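Asker: Got a sequence here, can you build the structure:
(2 chains)
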Amino acid sequence: MEFITQVVINGILFGSMYGVAAIGLSLIFGTMRIVFIAQGSVIVLFAYCCFWLFSLLGIDPYLSLIPIILVSLLLGAGFYYGLFKEAAALKDRIGSLLIAVGLMFFLENFMTVVWSPNPRAVVTSYGFVVFHLFGINLTLTRLIGLLLALLATVGVATFLRKTLIGTAVRATSEDVEASTLMGINPNRVNAVTFAIGIGLAALAGTTLATTYSFDPIYGFDFAIKALVALTLGGIGRVYGALLGGILLGLIELLGTYFVGAGWAQAIVFAVFLLALTFRPYGIFGGASEKV
Amino acid sequence: MANQLLEVKGIDVSYGDIHVLWDVSLQVEEGTIVALVGANGAGKTTLLKTISGLLRVRKGEILFSGENLHNFKPQEIVDRGVIHVPEGRRLFASLTVKENLRLGAYIPRTRPFFAESLERVFSLFPVLKNRKDQKAGTLSGGEQQMLAIGRAVMAHPKLVMLDEPSLGLSPILVKTIFELIRTLNEQKITILLVEQNVNQALKIAHQAYVMKTGKIVMCGRGCDLLADEEVRKAYIGERATKRKG
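Answerer: Model prediction:
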């Protein structure tokens, strides 16, 4: 029994990382209808940034979050203006998908050259701190990861609800032309959305670096999982995406525990297909309700 | 010569290879209501979209307060005070009434007056005040149209272009909406009105244009067109024949 509880806790902790990535995907898809498949590789890229700052300069990974997130916001806006602006304006979505795929392969190869294909991890002095509660082991860095995921989720949801530009982001994801008639510049909204999406990737990357080992090609798997989490949670729902991620983490780890690691992956994608077939708007309810 | 707020001069517009507007010219005098009528597919909506910068002009020019709007982005045109209320209202259904109104005052010029503008809209449409925290998608058709017009008022407009504001509304609501258009006009907002309800539109319009297959085919004072035999037959149809019979 305790062991199952442990698996459930680990599933939640791990899944929250998928959730953060899924929120980014959801926002980018919501406003621009871009399936940003490079999200996972961007996460791994930031994990490497965190790794470098730590191993070369001795900067604590949580402290490095500050420069990493600032850079990621700029990089996000840069991705939009540099790569996706023209493609996002087209009705045909294949162009933006191909750009995202290209970016993903570029990043994978770039990271392989710079950091070698060997797995890396950020090993801090407190990385081995484990709390024992009711016979369950709770790793400090994973708990911090969950906390950061929750903070980021609440932060993004509040931003979308309370700020004028956040309201504009929601309006644009509903009707681009109508929002243009309000005097909203769709490019600015898209750039802000992309910046937030990549900012969330930076956060997930830092969490990844402090809790697990990673290698350059891990990103694709991560992006696909984030896509599954997004589908489970429902596109356009911030809290839904986080819950979808956590649910996915649970399915994955419980599947691994009960039927084995190989089957767990098959189950994940079976759930993905079932969700798409029977609950295309997410399994947490309503058809068009957002945030 | 009267003070022309909007002057459309011989414009051609096309969607890709399909030519939609041919040499269209139209003038909207400041402080008036101008109606634009014509059958479906005549190009009325296309003309409004072109004025608001969603479509590009191929030939000719559009002047607003004497300024050429050529190559202006939609947000720059909104900033000049030209507000387009599109057909079907196009509210943000998942946003609240207040959030929709907030986006009406999105352009920086209008943001400082948000509270004042909100009061103005709520005094025009008291029902919206009661529903301000409700999602726009839950409003009735008439309330939605009021919100769409209210959203335009939030932008401190000089010219409001209304595309089929009475579409899908009950006769009583149609009357309300037309009264509202008149009220807005009395508040010094110039109106360019596209309507299928030709009878009503011509009644309140100072000036009117008739479009047919991408061209302006007739123009004149609203009351003159209303009396015109040809217009009655083509666009008011039934009602005219009934009266005769």
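Asker: burial count for A:L247?
Answerer: 23 (other CB atoms under 10 Å in any protein chain shown). Using the backbone N, CA and C atoms, a C-beta is placed for each residue, glycine as well.
Asker: quick one, phi/psi of the residue in the stretch 101-250 of chain A that chain B sits nearest to?
Answerer: Nearest to chain B in the stretch 101-250 of chain A, going by CB to the nearest CB, is A:G183, at a distance of 3.4 Å. The phi and psi values for A:G183, taken as degrees, to the nearest 10, are phi 90, psi 10.
Asker: where's it relative to B:R151, distance?
Answerer: Distance, A:G183 to B:R151, using CB to CB, to the nearest Å: 11 Å.
Asker: Secondary structure element holding B:C219?
Answerer: Using DSSP states H and E, B:C219 maps to strand B:215-221.
Asker: Name the nearest residue to B:E67, sequence neighbours excluded.
Answerer: Leaving aside its sequence neighbours, B:E67 sits nearest to B:R80 (CB to CB, 6 or more residues apart in numbering or on different chains; 7.2 Å).
Asker: How many residues are close by the closest residue in space to A:L140 that isn't next to it in sequence?
Answerer: Once flanking residues are discounted, A:L140 sits nearest to A:V129: 4.1 Å by CB to CB, 6+ apart. When neighbours are counted by other CB under 10 Å, A:V129 registers 12.
Asker: Name all residues that make contact with A:V129.
Answerer: Contacts for A:V129 (CB atoms under 8 Å, 6 or more residues apart in numbering or on different chains) come out as A:T139, A:L140, A:T141.
Asker: all helices of the chain, in order?
Answerer: I went with chain A, as the question did not name one. When assigned using DSSP state H, the helices of chain A occupy the ranges A:2-32, A:39-57, A:61-79, A:85-88, A:94-115, A:140-162, A:164-174, A:176-181, A:186-211, A:218-233, A:238-259, A:261-278.
Asker: wait, chain B
Answerer: B:44-51, B:74-79, B:97-104, B:114-124, B:126-130, B:141-153, B:171-186, B:198-204, B:222-227, B:229-231, B:238-244.
Asker: so which of those helices gets nearest A:T172?
Answerer: A:T172 sits nearest to helix B:97-104 of all these, at 9.8 Å, using CB to CB.
Asker: check contacts around B:T213.
Answerer: B:G41, B:A42, B:G43.
Asker: Surely the second one is in contact with B:G214?
Answerer: Read that as B:A42. Yes - contact status for B:A42 versus B:G214: in contact at 7.0 Å, counting by CB atoms under 8 Å.
Asker: Show me what counts as buried in stretch B:127-146.
Answerer: B:L128, B:R131, B:K135, B:A136, B:L139, B:G142, B:E143, B:Q144, B:Q145, B:M146 (16 or more other CB atoms under 10 Å in any protein chain shown).
Asker: ugh, typo on my part, it should be stretch B:195-208
Answerer: Result for stretch B:195-208 [16+ other CB under 10 Å]: buried residues B:E195, B:N197, B:V198, B:Q200, B:A201, B:L202, B:I204, B:A205, B:H206, B:Q207, B:A208.
Asker: cool, and stretch A:203-218?
Answerer: Buried, per 16+ other CB under 10 Å, within stretch A:203-218: A:203-212, A:214-218.
Asker: which two of those residues lie the greatest distance from each other?
Answerer: A:L203 and A:I217, at 21.3 Å, using CB to CB across the buried residues of stretch A:203-218.
Asker: and the stretch 101-250 of chain A, which residues reach chain B?
Answerer: Applying CB under 8 Å from any CB of the partner chain, we find that the stretch 101-250 of chain A lies next to chain B at A:164, A:167-168, A:170-171, A:174-175, A:177-185.
Asker: could you redo the last one with a cut-off of 6 Å?
Answerer: Within the stretch 101-250 of chain A, the positions lying close to chain B (CB under 6 Å from any CB of the partner chain) are A:T167, A:A171, A:E174, A:D175, A:A178, A:T180, A:L181, A:M182, A:G183, A:I184, A:N185.
Asker: and the first one, how many residues sit next to it?
Answerer: Pointing back at A:T167 there. Residues near A:T167, counting by other CB under 10 Å: 24.
Asker: Nearest to chain A within chain B, name that residue for me.
Answerer: Taking CB to the nearest CB, chain B has B:V78 as its residue nearest chain A, at 3.4 Å.
Asker: tell me the contacts of the closest residue to that residue other than its chain neighbours?
Answerer: Nearest residue to B:V78, sequence neighbours excluded (CB to CB, 6+ apart): A:G183, at 3.4 Å. Residues near A:G183 by CB atoms under 6 Å, 6 or more residues apart in numbering or on different chains: B:Q75, B:V78, B:Y106, B:I107.
Asker: hang on, the earlier thing: would you check how far apart the residue of the stretch 101-250 of chain A closest to chain B and B:G220 are?
Answerer: Distance from A:G183 to B:G220, by CB to CB: 34 Å.
Asker: and if you look at A:E108?
Answerer: Where B:G220 is concerned, A:E108 sits at a distance of 68 Å (CB to CB).
Asker: before we move on, the earlier item: any chance of JSON lines for the helices of chain B, columns mean pLDDT?
Answerer: Compiled in JSON lines, the helices of chain B are given as follows (pLDDT from 0 to 100):
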{"stretch": "helix B:44-51", "mean pLDDT": "95"}
{"stretch": "helix B:74-79", "mean pLDDT": "96"}
{"stretch": "helix B:97-104", "mean pLDDT": "97"}
{"stretch": "helix B:114-124", "mean pLDDT": "95"}
{"stretch": "helix B:126-130", "mean pLDDT": "95"}
{"stretch": "helix B:141-153", "mean pLDDT": "95"}
{"stretch": "helix B:171-186", "mean pLDDT": "94"}
{"stretch": "helix B:198-204", "mean pLDDT": "91"}
{"stretch": "helix B:222-227", "mean pLDDT": "80"}
{"stretch": "helix B:229-231", "mean pLDDT": "79"}
{"stretch": "helix B:238-244", "mean pLDDT": "45"}
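Asker: now the ones you listed in CSV, with distance to A:A100?
Answerer: Formatted as CSV, those follow (distance: least, CB to CB, whole Å):
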stretch, distance to A:A100
helix B:44-51, 31
helix B:74-79, 27
helix B:97-104, 29
helix B:114-124, 38
helix B:126-130, 41
helix B:141-153, 35
helix B:171-186, 45
helix B:198-204, 48
helix B:222-227, 54
helix B:229-231, 54
helix B:238-244, 56
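Asker: Select, out of those, the one closest to B:E30.
Answerer: Checked against CB to CB, the stretch from those lying closest is helix B:171-186, at 11.1 Å.
Asker: quick one: that closest one to helix B:141-153, angle?
Answerer: 10 degrees (axes from the mean of the first three to the mean of the last three CA atoms, to 10 degrees).
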